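**Student:** next come a sequence and a model predicted from it.
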Amino acid sequence: MKAAVIHQYGDSSQLEVSDIAVPAIKADEVLVENMATSINPIDYKARQGLLQGMFQWQFPVVLGWDIAGRIIAVGDDVHDFHVGDAIFARPDIDPIGKNGTYAEYTAVKADKLARKPDNISFEAAAAVPLAGLTALQILRQLQVKAGQKVLIQAGAGGVGIYAIQLAKKLGAYVATTASQSNRDFVTSLGADRVIDYHQGTIAEVLSDYDAVFDMVGDIDNGIAILKPGGHFVTISATLTEAQKQTANKTVSEGWLETNGQDLAILADAITDGTLEIVVDSVYPLTTDGIRAAHERSETHHARGKIVVKVKVTELEGE
Ligand SMILES: NC(=O)c1ccc[n+]([C@@H]2O[C@H](COP(=O)([O-])OP(=O)(O)OC[C@H]3O[C@@H](n4cnc5c(N)ncnc54)[C@H](OP(=O)(O)O)[C@@H]3O)[C@@H](O)[C@H]2O)c1
């Protein structure tokens, strides 16, 4: 099958579309014919070799952790999903690095799957799992409730677009950071207050917040704007012991734990029209396409999600 692989860690020129074996499935897995995948910052961090402390991958490595496609085979222990089902998922990270989603076929554990909403294309669906699940789960970790004030950093990014909308659904007052060019965009997603982070720090303009969702590593300022009893979670930085033990505030790191139930919650919100998907750009699964997709992500200024179309004959909204 066609897959984008790397043979060593490095810059985007390491990505290359090659022919590799279709993965075999275990009893609790399904084989998905992948219509689309999407790019997350972890992809270029992994490509650069920054995850070597966590995984002992064997080259060639297939990157990618978002999938939207159709099931073409099911393992013996899989009963809730069937051949032909249209699904989306954030698969587990393969310990040896062979089973990423920049590929025509991916083996996925059935408990990571949810049915793709009928009202969106596979390309739009691929833009949801990793970023959407992270937004949902971190807002839960932050214990965001109706009437509370929450700051969502980087509101125009992949995680931020979902976090703003989900926090508004919870009834929170939402502040977010963005460049001036994204002010109207994040306001259209529901943000009540937009701070242009180029003009100064959040601590200069915000105070008494119940929750801060950090994805840019602005730790001390984020903690400083919390009211006593407030919650801070970062998904992009390592906290010091002193930061974790801040008096009267809950300060922690957050990690996505992929599962199909939470993805089904997002699917329901998409189906009922209360969660909008924003696609920054779409690239083909070619060597040039995947390299360009990574380079776009590495600008740190994607507006929404970067999608990679795997199957070029896909009909929109199929
Ligand atoms: N721990 C986990 O489980 C987990 C899960 C998902 C993501 N992450 C991490 O979370 C981070 C964000 O992911 P993402 O997918 O949302 O990234 P992304 O889509 O690449 O984010 C791009 C956005 O970041 C904004 N931005 C850049 N620098 C900023 C700054 N200094 N202050 C505020 N906004 C800034 C840009 O806004 P403007 O263009 O408006 O400037 C742009 O819209 C990444 O580091 C990623 O690895 C961690």
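**Tutor:** Nice, thanks for sending it over. Numbering: from 1, shown residues only.

**Student:** distance check, the one residue in the stretch 151-300 of the chain that gets nearest to the ligand against I39.
**Tutor:** At 2.5 Å from the ligand, G157 is the closest residue in the stretch 151-300 of the chain, using CB to the nearest ligand atom. The way it works is simple: take the backbone N, C-alpha and C, and place the C-beta from them, glycine included. Going from G157 to I39 by CB to CB, to the nearest Å gives 12 Å.

**Student:** please apply the same query to F213.
**Tutor:** Here the criterion is CB to CB. By it, F213 lies 21 Å from I39.

**Student:** thinking again about what came up before, the residue of the stretch 151-300 of the chain closest to the ligand and I306 touch, don't they?
**Tutor:** No - the criterion here is CB atoms under 8 Å, and G157 misses it with I306 at 10.5 Å.

**Student:** so for the two, which sits in the more crowded spot?
**Tutor:** Neighbour totals were compared for G157 and I306, and G157 leads with 28 against 24 (other CB atoms under 10 Å).

**Student:** wait, what's in contact with that one?
**Tutor:** Taking CB atoms under 8 Å, 6 or more residues apart in numbering, we find G157 in contact with M215, A302, G304.

**Student:** center of the chain, which residue is that?
**Tutor:** A131 (2.1 Å; CA atoms, centre = their mean).

**Student:** wait, a strand at it?
**Tutor:** No - the assignment for A131 by DSSP: H, G, I helix; E, B strand; the rest coil gives helix, which leaves it out of any strand.

**Student:** excluding its backbone neighbours, what's nearest it?
**Tutor:** Closest residue in space to A131, ignoring its immediate chain neighbours: G158 at 4.0 Å, by CB to CB, 6 or more residues apart in numbering.

**Student:** is it true that the one you found touches H300?
**Tutor:** No - applying CB under 8 Å, one finds G158 not in contact with H300, separated by 11.0 Å.

**Student:** of those two, give the one with the bigger neighbour count.
**Tutor:** Neighbour comparison, G158 and H300: the larger count goes to G158, with 29 against 9 (by other CB under 10 Å).

**Student:** so what's the residue count around the nearest residue to E16 once chain neighbours are set aside?
**Tutor:** Distance criterion CB to CB, 6+ apart; nearest residue to E16, sequence neighbours excluded, is T287 at 5.3 Å. Here the number of neighbours of T287 (other CB under 10 Å) works out to 14.

**Student:** so what's the nearest residue to A114 once chain neighbours are set aside up against?
**Tutor:** Residue nearest to A114 in three dimensions, not counting chain neighbours: L263, with 3.7 Å by CB to CB, 6+ apart. Residues near L263 by CB under 8 Å, 6+ apart: F88, A89, R90, K112, L113, A114, V128, P129, G132, L133.

**Student:** look up how far G289 lies from the third one.
**Tutor:** Going from R90 to G289 by CB to CB gives 21 Å.

**Student:** let me know the helix or strand that the residue nearest to A114 is in.
**Tutor:** Assessed by DSSP states H and E, L263 sits inside helix 260-271.

**Student:** do the same with A36
**Tutor:** Assigned by DSSP H and E, A36 belongs to strand 29-39.

**Student:** how far off centre is that strand?
**Tutor:** Its chain's C-alpha centre and that of strand 29-39 lie 15 Å apart, by CA atoms, centre = their mean, to the nearest Å.

**Student:** that one and the ligand in contact?
**Tutor:** No - contact of strand 29-39 with the ligand is not found when judged by CB under 6 Å from any ligand atom; the minimum separation is 8.4 Å.

**Student:** okay, now the sheet partners of that strand, with direction.
**Tutor:** Applying DSSP bridges, strand 29-39 is found paired with strand 67-74 (antiparallel), strand 105-109 (antiparallel), strand 305-309 (antiparallel).

**Student:** got the buried residues for the first one?
**Tutor:** Put plainly, it is strand 67-74. By 16 or more other CB atoms under 10 Å, the buried positions in strand 67-74 come out as I67, A68, G69, R70, I71, A73, V74.

**Student:** ok, now which ones touch the second one?
**Tutor:** Neighbouring residues of A68 by CB under 8 Å, 6+ apart: N34, M35, A36, T37, A86, I87, F88, K116, F122, E123, A125, A126.

**Student:** dump these into TSV; add pLDDT as well.
**Tutor:** Converted to TSV, the contacts of A68 look like this (pLDDT from 0 to 100):
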residue	pLDDT
N34	98
M35	98
A36	98
T37	98
A86	98
I87	98
F88	98
K116	98
F122	98
E123	98
A125	98
A126	98
